[in-house]
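In: task: produce atomic coordinates for the following.
(one chain, ligands or ions: 1)
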Amino acid sequence: MTVTIAKSAGFCFGVKRAVNLVYEEAEKSSPVYTMGPIIHNDNVVQDLEAKGVRIIDDDLICTADGRRPPAGATVVIRSHGISKAQYECLQASGYRLTDATCPFVQKIHTIVSIMSQKGYPVVIIGDPNHPEVIGIRGWVKGKCRVISNSEEARQLSFDRTEAVCVVSQTTYNYDKFQELVEIIETLGYHVMVTNTICSATRERQTEAMELASASDVMLVIGGVHSSNTQKLYNICQSRCGRTYFVSSLQDLETIRFEEGDRIGITAGASTPNTLIQEVSQHVRRAELRTDAQRKFQNY
Ligand code: SF4
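Out: Numbers count the residues shown, from 1 in each chain. Here you go, the predicted structure:
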C-alpha cells in the first residue's frame, strides 16, 4: 500500500489565524466568547472550552449557558464573518471585539456592500444556511438572492436590463460556480462576476481531485458540520468510488484496505494536523498488518 497526504490538507491560514486569536485572547482576558464555534472541530472547541472560552449564538440572544455575555466581555468574530447589523449590535453592546473574519470573506463584504449601494442586485452562489453566506447577505443594501443549484439560477427574476453582481461563498466548488454563472449569463443578464472562491480552497479542491483520480481509496478528514469538507468529499467521490468521510479514528474501523491499495488523504480547512497524522498512522499500521498477514499466508 502507498499513503499520500495532500499538501493542502488541514488548517487554511484564515482558520489558523482565527483559532490562534482565540487562544491568545483566552490567555490574556476573561471572559471570552466566540460567535458560534470558532472551528468545526470538536476537539479544538472542547480544548478552548476548558480554557474558559464560551460559544454564543450568532444572534446574541442567548449563550450556551443561557446567559448573554456581560458588557466588557471579549467577543471573537470567527473567520466566517458576520452581517453588518450584527457587527453594529456588538459594537453598541459594549463588548471588546476581536475580529477574526478571514480577509477573503471581508473582501466579499466590501464588494457586495459597494455594488449594492450603487444599485446593482447581488447574487450570492453558496449555501443559504451557511454562516458565511448569511453574513455576506447582511452586507447587501438592496436586492439579493442566494442560489445553490441550476434550478435556482434559472429562476432569477431581476430586471434583465439590469447588471447583476455575482459573488461566491469562499469554499464553493469552482466547477459548480462556473456552471451557475453560465446559466445566469444565458438568461440575458449582464453579469459582473467576481470569483471569490478563496485560493486556499481552490488549491485544496484541485489537489484533492488529482489525488482522488490517482488513488484506490480516498480518506477525507473533517468535521461532520464542515461544508468545505463535504464539498471535498463530493469532489473525491466523483473521482474515486472508495471515498470515505472520516471525522474520527473510529470511522476507520469499518474501512477495509486491500494489499496494493493507493491511499490518498485530504482534509478540510478546519481539520487539525494532529488528526491528519493520527489517521495516517492508523492507515500505515493497517498496511503493516496487511503485510504481516501476507507473509504469514506465504509462510
Ligand atoms: S477557507 Fe479560505 S476564506 Fe475560508 S477561512 Fe480559510 S482561507 Fe479564509
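In: anything in stretch 107-123 near the ligand?
Out: No. Using CB under 6 Å from any ligand atom, we find that stretch 107-123 stays clear of the ligand, coming within 8.9 Å at best. C-beta coordinates here come from the backbone N, C-alpha and C atoms, glycine included.
In: pull out the buried positions in that stretch.
Out: Judged by neighbour count (16 or more other CB atoms under 10 Å), stretch 107-123 contains these buried residues: 108-109, 111-113, 115-116, 120-123.
In: out of those residues, list just those in strands.
Out: When these are checked against strands using DSSP state E, the ones located there are 122-123.
In: output the buried residues of stretch 107-123 in TSV; the columns should cover distance to Ala200.
Out: Below are the buried residues of stretch 107-123 laid out as TSV (distance: CB to CB, whole Å):
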residue	distance to Ala200
Ile108	15
His109	18
Ile111	18
Val112	21
Ser113	23
Met115	24
Ser116	26
Tyr120	28
Pro121	29
Val122	24
Val123	23
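In: among the buried residues of stretch 107-123, which two are most distant?
Out: His109 and Pro121 (16.9 Å; CB to CB).
In: low pLDDT regions in the protein?
Out: Counting by pLDDT under 70, the ranges of the chain that qualify are 29-30, 58-67, 287-299.
In: where do the helices sit along it?
Out: 13-28, 42-50, 84-92, 103-117, 131-137, 150-154, 174-186, 199-213, 227-239, 273-298 (DSSP state H).
In: who touches the shortest one?
Out: Looking back up the chat, that one is helix 150-154. Under the contact criterion CB atoms under 8 Å, 6 or more residues apart in numbering, helix 150-154 has outside partners 145, 147, 179-180, 183-184, 187.
In: shouldn't Phe104 be in contact with Arg202?
Out: No. Contact status for Phe104 versus Arg202: not in contact, 11.0 Å apart, counting by CB atoms under 8 Å.
In: put the alpha carbons of stretch 1-17 into CSV.
Out: Taking only C-alpha atoms (Å, rounded to 0.1, in the frame of the first residue of the first chain), the coordinates of stretch 1-17 have been written out as CSV:
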residue,chain,number,x,y,z
MET,A,1,0.0,0.0,0.0
THR,A,2,1.1,3.6,-0.5
VAL,A,3,-0.2,6.5,1.5
THR,A,4,-0.2,10.0,0.1
ILE,A,5,-1.3,13.1,2.1
ALA,A,6,-2.4,16.1,0.2
LYS,A,7,0.0,19.0,0.8
SER,A,8,-3.0,21.4,1.2
ALA,A,9,-4.8,19.2,3.8
GLY,A,10,-5.8,20.8,7.0
PHE,A,11,-6.0,24.3,8.5
CYS,A,12,-6.1,27.1,6.0
PHE,A,13,-4.5,30.4,7.0
GLY,A,14,-7.9,32.0,7.8
VAL,A,15,-8.9,29.3,10.3
LYS,A,16,-5.4,29.1,11.7
ARG,A,17,-5.4,32.8,12.3
